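A.B. asks: I would like the atomic coordinates for the input below:
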Amino acid sequence: MSNSDIFIGEIIGTAVLILLGGGVVAAVVLKRSKAQNAGWLAITFGWGFAVMTAVYMTGTLSGAHLNPAVTVGIAIKDGDWSNVPVYLAGQLLGAMIGATLVWIAYYGQFHAHLTDPEIISAAPHEEGLVSEEAAPKAGPVLGVFSTGPEVRVVWQNLATEIIGTTVLVLAVLTQGLNASGKGLGVIGALITAFVVVGIGLSLGGPTGYAINPARDLGPRIVHALLPLPNKGGSDWGYAWIPIVGPLIGGALAAGIYNLAFA
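C.D. replies: Prediction:
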C-alpha cells in the first residue's frame, strides 16, 4: 500500500472512529439528547461498534491501525518503521476531524448543556464525563472529547492505560491481523471490536480507557480550540498519560508477542 493510501485511510478511519465513539459519549451525557443517561454499557458498546465500523471501512486501504499504539506494536513486531510517521499523522488529523464532526452533530446539545445553570454551578457527575474532583482543570464536557481519571493517582492512571493497551494490541497481533500482517483482517475487526468492549467494561472505570493516543490527543486539541461557551479547561496536565501509557502498552504487547508467539 502507498503512503497516500495509508494517510487517507487512517484519516477516514480514525475520523469515523472518533465520530461514532465520541458521538455515543455525547449522546449519553449531554442535556437535550434523546439517549441521555443511557449509561456506561451504551458507551462501551458504542465504542466497540465504532472500532468495527472504522476498521471494515478502511482496512483494505491502510490496514486500519487507527491507533498509534497499534502502529508502534506492528512496527516493533516486524522491525519496519518506514511508514510509522504517515500512520501517526493520518491518525491525529483524523481524530481531530472526527471530534469536530461530533461538535457539529451535537451543536445544540453542547450549547444547552454548557448554558444550563446546574452544569455551570456544579461539577459534572454523569457517566462518561471527566470528574472535576479528580481533574479540577477539566471542563464540564471534556469527557466527550478525551479521557480523565476518576481518582487522580498518576502511577495508577498510567498503569491502567498500559495494561488496557497491552491487552488490545496483543489481541490485534495474535488474532486480528490480515494475511500481510500489516493491518486488521475481516475477522480481526470483529474480534478487536469485542476486545475494546471488554476493555471498556473491565478496565474503563479508572481512566475512561483511552488505549489510543490519537483518540485522546486529537479531540483534546479540538476541545481547546472550539468556541464552546463555559467549556472550561482541557486538563493538559493529564494529557501525557493517555499518550505515554498506550505507547508503552503497544510496545510491551509487541515484546510479548515476539517472545511468546513469533
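A.B. asks: now Thr166. Nearest residue, chain neighbours left out?
C.D. replies: Sequence neighbours aside, Gly249 is the residue nearest to Thr166 in space, at 4.2 Å (criterion: Cβ to Cβ, 6 or more residues apart in numbering). Bear in mind the C-beta positions are built from the backbone N, C-alpha and C, glycine included.
A.B. asks: surely that neighbour touches Ile211?
C.D. replies: Yes: the pair Gly249 and Ile211 qualifies as a contact (Cβ atoms under 8 Å) at a distance of 7.3 Å.
A.B. asks: need the residues touching each of these two.
C.D. replies: Common neighbours of Gly249 and Ile211, using Cβ atoms under 8 Å, 6 or more residues apart in numbering, are Ala69, Glu161, Gly164, Thr165, Leu168.
A.B. asks: what sits against the last one?
C.D. replies: Just to be clear, that refers to Leu168. Contacts for Leu168 (Cβ under 8 Å, 6+ apart) come out as Asn67, Ala69, Val70, Thr192, Val195, Val196, Ile199, Ile211, Gly249, Ala253.
A.B. asks: residue contacts, the second one?
C.D. replies: Read that as Ala69. With contact set as Cβ under 8 Å, 6+ apart, Ala69 has these partners: Thr165, Leu168, Val169, Ile211, Asn212, Pro213, Pro246, Leu247, Gly249, Gly250.
A.B. asks: and those residues, which are buried?
C.D. replies: Buried members of the contacts of Ala69, counted by 16 or more other Cβ atoms under 10 Å: Thr165, Leu168, Val169, Ile211, Asn212, Pro213, Pro246, Leu247, Gly249, Gly250.
A.B. asks: next step: these restricted to helices.
C.D. replies: Of the buried ones among the contacts of Ala69, the ones assigned to helices by DSSP state H are Thr165, Leu168, Val169, Pro213, Pro246, Leu247, Gly249, Gly250.
A.B. asks: which of the residues in stretch 249-258 are buried?
C.D. replies: Buried, per 16+ other Cβ under 10 Å, within stretch 249-258: Gly249, Gly250, Ala251, Leu252, Ala253, Ala254, Ile256, Tyr257.
A.B. asks: which pair in those residues spans the largest distance?
C.D. replies: Of all pairs drawn from the buried residues of stretch 249-258, the greatest distance, 12.4 Å, lies between Gly249 and Tyr257 (Cβ to Cβ).
A.B. asks: surely Asn37 touches Leu30?
C.D. replies: No: contact criterion Cβ under 8 Å: Asn37 and Leu30 do not qualify, at 10.5 Å.
A.B. asks: more neighbours: those two, which one.
C.D. replies: Neighbours were counted for Asn37 and for Leu30 using other Cβ atoms under 10 Å; Leu30 has more, 25 against 10.
A.B. asks: what's the burial count for the residue nearest to that one when sequence neighbours are not counted?
C.D. replies: Of all residues not flanking Leu30 in the chain, Gln109 sits nearest, at 4.0 Å (Cβ to Cβ, 6+ apart). Residues lying near Gln109 (other Cβ under 10 Å) number 21.
A.B. asks: buried residues, the helix or strand encompassing Gln109. List them.
C.D. replies: When elements are defined using DSSP states H and E, Gln109 is found to belong to helix 107-114. Across helix 107-114, burial judged by 16+ other Cβ under 10 Å covers Gln109, Phe110, His111, His113, Leu114.
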